[in-house]
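Trainee: Everything below, folded, please.
(3 chains, ligands or ions: 2)
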Amino acid sequence: MLAVVGFGQSWNVALAILNLCLISSVMSMGLNIQWGYAGLFNAGVMASTAIGGLTAVLISHMPVSKAWSVGGTSLFALIVFLILTLSVVFFIFKIFKRGRKRSFSIALVILIGYVFMRFYYDQATFAIEQVEPAKTGFLGGLGLPIIFSWAAGGFAAAGLAWIIGRISLGLRSDYFAIATLGISEIMISILKNEDWLSRGVKNVTGLSRPVPYEVDLLQSEWFINMVTWLYGVTDGEIVKTDVLREEMQLSAGVIVKLCYSGLFLIVVLTILIFAVRALNSPWGRMMRAIRDNETAASAMGKDVTSRHRQVFIIGSAVIGIAGAMLTTLDGQFTPGSYIPLRFTFLIWIMVILGGSGNNLGAIIGAFITWFVWIEAEPASLWLVENIDFFFTTNSPLILHLKEVAPHMRMILMGLMLLLVLRFMPKGILPEKSSS
Amino acid sequence: MISVKNVVKHFGGVVAVDGVDMKIESGSITGLIGPNGAGKTTLFNLIAGNIVPNEGSIFLDGENVTGLKPHELFSKGLLRTFQISHEFHTLSVLDNLMMVPPMQIGESLLGALFRRKEVVRQEDEIQKKAKDVISFLNMGKMANELAGNLSGGQKKLLELGRTMMVEPKVVILDEVGAGVNRSLLKEIGDAILSMNRDRGYTFCMIEHDMDFISRLCSPVVVMAEGKILAEGSADQIKRNEEVIEAYLGKGLKNKQN
Amino acid sequence: MDFSTDMLNALVLISNYVLIPSLSYGSQLALGAVGVTLVFGILRFANFAHGEIMSFGSMVTVLITWWLQSLGVTMGFFPTAMLALPLSIIITIILVLIIDNSVFSFYRKNKSRAVTYIVTSVGVMFILNGLVRIIIGTDEIIFRDGQKFLIKAGHFKKMTGLSEGLALKQTQVLTIVIAIISVVLLFWFLQRTRTGKAMRAFSDNEDLALLSGISPERVVMVTWIITAILATLAGVLYGLDKSFKPLVYFNLILPIFAAAIVGGIGEPLGAIIGGYVVAFSEIMATYAFKKFIIYLVPSEFAPESLVQFLTTEYKFAVSFLILVLVLLVRPTGILRGKLL
Ligand SMILES: Nc1ncnc2c1ncn2[C@@H]1O[C@H](COP(=O)(O)OP(=O)(O)O)[C@@H](O)[C@H]1O
Ligand SMILES: [Mg+2]
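Mentor: Ligands and ions are numbered 1, 2, ... in the order given. Presented below is the predicted three-dimensional model:
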């Protein structure tokens, strides 16, 4: 499939699709761990992706020392008050007996704490956001190589999942879905609005890369030699031909994308190996038992809630890794681009299409789904152009159709999901029944 | 072994269990009978921690276990089966049994990933045990069948089999016999008796088949409309006027409906 | 200025920015939430496609409105969309019934698990979302016409001599009136007609209802019809009040779900209460009370900050916080709803 695109459109496009297929595979493996193994209906996949992306920014961006110096003190005060409030609340909670008095005093403490925190928060954010708002206006990050953020993104997503799990695990499946969907939406609105954290909708661009830049490649000796060797020309002619220079640029793009593909492939394979091992172990058996029948699993001595929490955290961590990878690939963090259709429900389609509970299936599902998602637009444009025979090229209908062709993918995705659910409910690669 | 003290449970307006006091003596096979809707299953759910009583408490070996979760009760030696089979339908019969033993090394994720040799060894042991149980239940042919594909009676057997994978102190059985054919029912009865005598398990079972009850159970407790109506040997119960009335009255009502 | 004028000013201020907007937004949520809660009560799943049904109904209304306007037909004082409503409701009903027949009925026959329905509704959501985008695009569309204001802020100031103005949009009144009428009709239907009673029985206890000879397919069909009507109304009123934008409706399902759950899922009356609870909390939590307080307290105590609990961007967060609170404290909702 990808090869067809490679020859048909261009290798750059094909590799771009491949890279996103690989990232999607990581996401769908993560969701598969939650849904396929343990039957958790997580409708907040997007939250993990986004926090992974945020981590990429916070790890790799240079620290903005000026912001720290102007906002640091207030920020410190804010944290002090946060800790103070929380410990007082905790104290009251422990010391006093349950009742109206306790609820009332806790509410009071929180209110007072909120007033102070709000004061320092306003002060800190105002100061921080004033620092070169067009370029920074946020605290910046740690200035570490971005590749570290893949692991860190996993941990951050795991931490977030722990909190989300505390709130929503134990609810019945519909409520759990709604709760996770809601939390993920809140996550995104925080990322959009807290400019001091990651510039909000102003986006963070120009993140560093774990792979070479095209410009550098074009100047490096070995690269020029390689391309000239590939195209079989001798040294002297390089600069003369424009054609060759163009080829050069294209190849640079290809090389960069291949580097990414290599890194991503390593991640995909590592996670795949661990995921398969885990599924085929007594741990996996226990998870599947919990998925099949929570009541019975609990009666057989398995602590369903804590196992759910564990699997929710692990799956979210995997998705968080993918989120960091995605931001790394994009080189920028754009909170506005996170919408549930693309970052939650599309992943669901991948898992269900591939076969819930089957790791290889999750990967295959991710590849197919992403491919269709991307190629739906050119395909439908091509279709529209070929009904030219029947309509005049400039008829309003054709123009309208051309304009809305990108949205065909929504319908295709929906149809795909419904058809799979109906006629192939176990997906392309059904779960293996027994070890 | 288990004592239930003044336990009340209502669902909305329905009082399903209405102030029940009951004792399950160590080493006994206690029968619990009563017309449909008497609250027997609800009482079992209360004992096994699936639901929490509105009033009253439940003791296991003298320890107050009211409000403990089912898995906590499991680790204290209380096992149960369900009236409506609760099999793990996408797992094979073998896996259904093998998942039961607690504290398996491979059940912790780190163990599963990094202590594979030990896990394999332990799996062999557990599998051997599971196969013993399977042959005991005469289900050899179905060992690798998915539990979801079994017949109703076979699922009931599987439920019983799960309780045999560990060394429980007390097993509560909710209509294991329902939907099981006569000859199999006799075998189940034999199995229960031998587990009771040879291994010293305590049983409490809800059953409708009076012959089955008479053969196995002593004492027999009768419930009706959420209350304990009578308690005694099977023969005493059969002759008890109140009990007969409870059944017949209910029967007449059923006919009128 | 004396204290009583200050009081009046404060009252007008709060009515203008909190009370009236909450009432009309609450009515829109309530209409949506009743649909969600009915589907939940009868079909027993959370319908993720509900927002898209609203979106579809509104889109049809916009198209018909345009068509009517191009014919020169308008309603003068009222928005033309009101004229378009009956037809667009019918079209939405047809769509919803087609969806039920071709998608959901299969799983009903197979007695599938609730999650299967939810995933299916996600598929339907994708298709409807795509359909709406393809037919009408993704631009924001304002299709309101007729008289915009019933009371203009400036007029009000002149009339009363207060320094705060009260603006009353026609769409706000229309929303509240239509919501009241549809809710009254709905309850009349549920309480008094045979089918309505059957629906309630079905929602209470499916098995008993089946025993008493109620046709489940008929109950389901009526449920979808009512859902389609209410969803179209909710969507159109929301669109008239603000604007029509296909992507907005997806985001509306969160407060709508919140309303349904807060009220007690499966309980139509609860959903209505929930709608207003959510709307009031959203608007109050994001309203800056500074001016309001200045009117009420002596000037020495006037607050410096905005006295705004959360910035308006966190509107949805509020509905969700209420949802979480209810789930933790009283999972059955305000009116004891189902907890299967
Ligand atoms: N989860 C529940 N919700 C509401 N009512 C219940 C529930 N479980 C049991 N009941 C009611 O409690 C009563 C006792 O039921 P049950 O314990 O199953 O009786 P038995 O097992 O003796 O036949 C019945 O009227 C039943 O309808
Ligand atoms: Mg029973």
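Trainee: Residue B:23 belongs to a strand?
Mentor: Yes: membership of residue B:23 in a strand is supported by DSSP: H, G, I helix; E, B strand; the rest coil.
Trainee: show me where the stretch 101-250 of chain C has strands.
Mentor: Along the stretch 101-250 of chain C, counting by DSSP state E, counting those that start in this stretch, strands occupy C:149-151, C:168-169.
Trainee: among the ones you listed, which is the most enclosed?
Mentor: strand C:168-169 (a mean of 18; mean count of other Cβ atoms under 10 Å in any protein chain shown). C-betas here are computed from N, CA, C, even on glycine.
Trainee: And it, what does it pack against?
Mentor: strand C:149-151 (3 or more Cβ pairs under 8 Å, 6 or more residues apart in numbering or on different chains; DSSP states H and E).
Trainee: So which residues make contact with the strand it packs on?
Mentor: With contact meaning Cβ atoms under 8 Å, 6 or more residues apart in numbering or on different chains, strand C:149-151 is reached by C:166, C:167, C:168, C:169, C:170, C:173.
Trainee: Mean pLDDT per helix and strand in the chain: which one sits at the bottom?
Mentor: In the absence of a named chain, chain A is used. helix A:2-8 (a mean of 70; mean pLDDT, DSSP states H and E).
Trainee: other chain: chain C
Mentor: helix C:206-211 (a mean of 75).
Trainee: thinking residue A:157 is in contact with residue A:317, fair?
Mentor: Yes: with contacts counted by Cβ atoms under 8 Å, residue A:157 reaches residue A:317, the gap being 5.2 Å.
Trainee: Now list whatever residues contact both of these two.
Mentor: In contact with both residue A:157 and residue A:317: residue A:48, using Cβ under 8 Å, 6+ apart.
Trainee: higher neighbour count, these two?
Mentor: Legend: neighbour count by other Cβ atoms under 10 Å in any protein chain shown for residue A:157 and residue A:317, higher for residue A:157 (32 against 24).
Trainee: element containing the more buried one?
Mentor: helix A:148-168 (DSSP states H and E).
Trainee: check which helix or strand covers whichever residue of the stretch 51-200 of chain B sits closest to chain C.
Mentor: Residue nearest to chain C within the stretch 51-200 of chain B (Cβ to the nearest Cβ): residue B:89, separated by 11.5 Å. Assigned by DSSP H and E, residue B:89 belongs to no helix or strand.
Trainee: Give the full set of residues in contact with it.
Mentor: Applying Cβ under 8 Å, 6+ apart, the residues contacting residue B:89 are A:292, A:293, B:146, B:147, B:148.
Trainee: picking up where we left off before, identify whichever of the strands of the stretch 101-250 of chain C lies nearest to residue B:119.
Mentor: Closest approach to residue B:119 among the strands of the stretch 101-250 of chain C (Cβ to Cβ): strand C:168-169, 68.1 Å.
Trainee: List of residues touching the closest one?
Mentor: Contacts of strand C:168-169 (Cβ under 8 Å, 6+ apart): C:20, C:148, C:149, C:150, C:151, C:241.
Trainee: What's opposite the third one in the beta bridge?
Mentor: The one in question is residue C:149. residue C:169 (DSSP bridges).
Trainee: Alright, that wraps it up for me.
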